[in-house]
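Chemist: Requesting a structural model of the entry that follows:
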Amino acid sequence: MKKVYHLSQCSTCQRILSELDWQDEAQNIREEKITEEQIDQMAALSGSFESLFSRRALKYKSMNLKDQTLTEADYKRLILEEDTFLKRPVFIVNDSVFVGNSKKTVEELKKKLNE
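Modeler: Here you go, the predicted model:
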């Protein structure tokens, strides 16, 4: 299975998809919301809901979340409620997950795709 969860209006997501010449399944999470089953699968592969959570989202500060102690259940709920809380893009390649847009993550993804 090869799939990416992204925002189509996110220039970083679009740059990475273009760089990879991604032809596989892509889900624009603004148009097609993430399901509980999908987020559970991502968390199972990544190790936690926190690893999928973006602290760079504007709402993170506006909701005063930085001053709160969040649980795994909180991270899951917040990602399901607000798509910008998902650290993007999230690529699933077979049984591996690649979360975010760091150079290291993209390089690891490229290696996996070339196996």
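Chemist: and the gap between Val106 and Ser18?
Modeler: 12 Å (C-beta to C-beta, to the nearest Å). Using the backbone N, CA and C atoms, a C-beta is placed for each residue, glycine as well.
Chemist: Over to Phe85?
Modeler: For Phe85, the distance to Ser18 - C-beta to C-beta - is 24 Å.
Chemist: again with Leu65
Modeler: 32 Å.
Chemist: Next, count neighbours for Thr35.
Modeler: 11 (other C-beta atoms under 10 Å).
Chemist: Tell me what His6 is bridged to.
Modeler: With DSSP bridges as the criterion, the beta-bridge partners of His6 are Asn28.
Chemist: what sits against it?
Modeler: 13-14, 17, 26-29, 88-90 (C-beta atoms under 8 Å, 6 or more residues apart in numbering).
Chemist: Now restrict the residues you listed to buried residues only.
Modeler: Neighbour counting with 16 or more other C-beta atoms under 10 Å marks 13, 17, 26-27, 29, 88-90 as buried within the contacts of His6.
Chemist: quick revisit: neighbour count winner among Leu65 and Ser18?
Modeler: Ranked by neighbour count (other C-beta under 10 Å), Leu65 and Ser18 place Leu65 first, with 18 against 9.
Chemist: The helix or strand bottoming out on mean pLDDT in the chain: which residues count as buried?
Modeler: Between all helices and strands in the chain, the lowest mean by mean pLDDT, DSSP states H and E belongs to helix 58-62, at a mean of 89. Buried residues in helix 58-62, counted by 16+ other C-beta under 10 Å: Tyr60.
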